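J.: no sequence for this one, just the structure:
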């Protein structure tokens, strides 16, 4: 039985990430990996992938990274992926760069409007059973989001981001069997309109078999 391990945000904790995936046949890390990717050199890029989120270095790329969106197959495991998310702390990150010269925010952290349309069209054409994303659709984000954090960073507590809107449009067009996401640093499982949504906390993970069943958690 082939297993695909899916991990939540790692935020630069490279050794812990490596220890979790080093003995896996296949893995996908769901973004906010951090800004240094040296540890990936120890892993086979054909088996281990990273989906960029909103706390990633968009000036760096390599064979381990999934692209913007689309279908991917790792062994027998077929899924649709879409990257990106909104940085609620971007004002602080931009100020940090101006003050210290340390870049940690990139405009391309979210897809452009044109890219989002292309992603929606491809998703609707493929109608996948299994989706991996960094953020999640508004139907779910509104259930698990924390408005007090948005307020702390100076945003409207009802903020809906372009990425969430894109994912919501996708979900309304087609409901996959399984959708796994990260971003919220929160472990959860919710079912909506026939779709099982699984949220992963920091470096938490699930193992998925070929029938899209969760066989192990960590």
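T.: Happy to help now that I have it. For clarity, every value in this text was computed on a predicted model and none was experimentally measured.

J.: hey, let's count contacts and neighbours off CA atoms from now on
T.: Will do.

J.: Sketch out the strands for this protein, chain order is fine.
T.: Assigned by DSSP state E, the strands in the chain fall at 4-7, 26-29, 48-50, 69-74, 77-82, 130-133, 178-181, 188-192, 195-199, 205-208, 214-217.

J.: for the shortest one, the distance to its chain's centre please.
T.: Just to be clear, that refers to strand 48-50. 11 Å (C-alpha atoms, centre = their mean, to the nearest Å).

J.: do the fifth one as well
T.: Using C-alpha atoms, centre = their mean, the mean C-alpha position of strand 77-82 is found 11 Å from that of the whole chain.

J.: rewinding a little: can you check which of the strands of the chain gets nearest to residue 110?
T.: When the strands of the chain are compared by C-alpha to C-alpha, strand 77-82 sits nearest residue 110, at 10.1 Å.

J.: what pairs with the closest one, and is each one parallel or antiparallel?
T.: Sheet pairing of strand 77-82 (DSSP bridges) gives strand 69-74 (antiparallel), strand 130-133 (parallel).

J.: quick one: buried residues of the first one?
T.: To tie it back to what came earlier, the one meant is strand 69-74. Neighbour-count burial for strand 69-74 flags 69-71, 74 (criterion: 16 or more other C-alpha atoms under 10 Å).

J.: related to what we said a few turns ago, would you convert the strands paired with strand 77-82 into CSV that also reports mean pLDDT and distance to residue 90?
T.: Putting these into CSV (pLDDT from 0 to 100; distance: least, C-alpha to C-alpha, whole Å) gives the following:
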stretch, mean pLDDT, distance to residue 90
strand 69-74, 99, 23
strand 130-133, 99, 20
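
J.: Now tabulate those strands in TSV and tack on distance to residue 186.
T.: Output for the strands paired with strand 77-82, formatted as TSV (distance: least, C-alpha to C-alpha, whole Å):
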stretch	distance to residue 186
strand 69-74	23
strand 130-133	14
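
J.: now the strands of the chain in JSON lines, with distance to residue 63?
T.: Shown next, in JSON lines, are these (distance: least, C-alpha to C-alpha, whole Å):
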{"stretch": "strand 4-7", "distance to residue 63": "18"}
{"stretch": "strand 26-29", "distance to residue 63": "13"}
{"stretch": "strand 48-50", "distance to residue 63": "8"}
{"stretch": "strand 69-74", "distance to residue 63": "13"}
{"stretch": "strand 77-82", "distance to residue 63": "16"}
{"stretch": "strand 130-133", "distance to residue 63": "18"}
{"stretch": "strand 178-181", "distance to residue 63": "22"}
{"stretch": "strand 188-192", "distance to residue 63": "30"}
{"stretch": "strand 195-199", "distance to residue 63": "26"}
{"stretch": "strand 205-208", "distance to residue 63": "22"}
{"stretch": "strand 214-217", "distance to residue 63": "27"}
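
J.: can you tell which of the ones you listed is closest to residue 61?
T.: strand 48-50 (10.4 Å).

J.: Any buried residues in the closest one, and which?
T.: For strand 48-50, using 16+ other C-alpha under 10 Å, the buried residues are 48-50.

J.: Now find how far off-centre the helix or strand of the chain with the lowest mean pLDDT is within its chain.
T.: In the chain, the helix or strand scored least confidently by mean pLDDT, DSSP states H and E is helix 147-152, which has a mean of 86. Relative to the chain's own centre, helix 147-152 is displaced by 21 Å; criterion: C-alpha atoms, centre = their mean.

J.: Before I go, just wanted to say thanks for your time.
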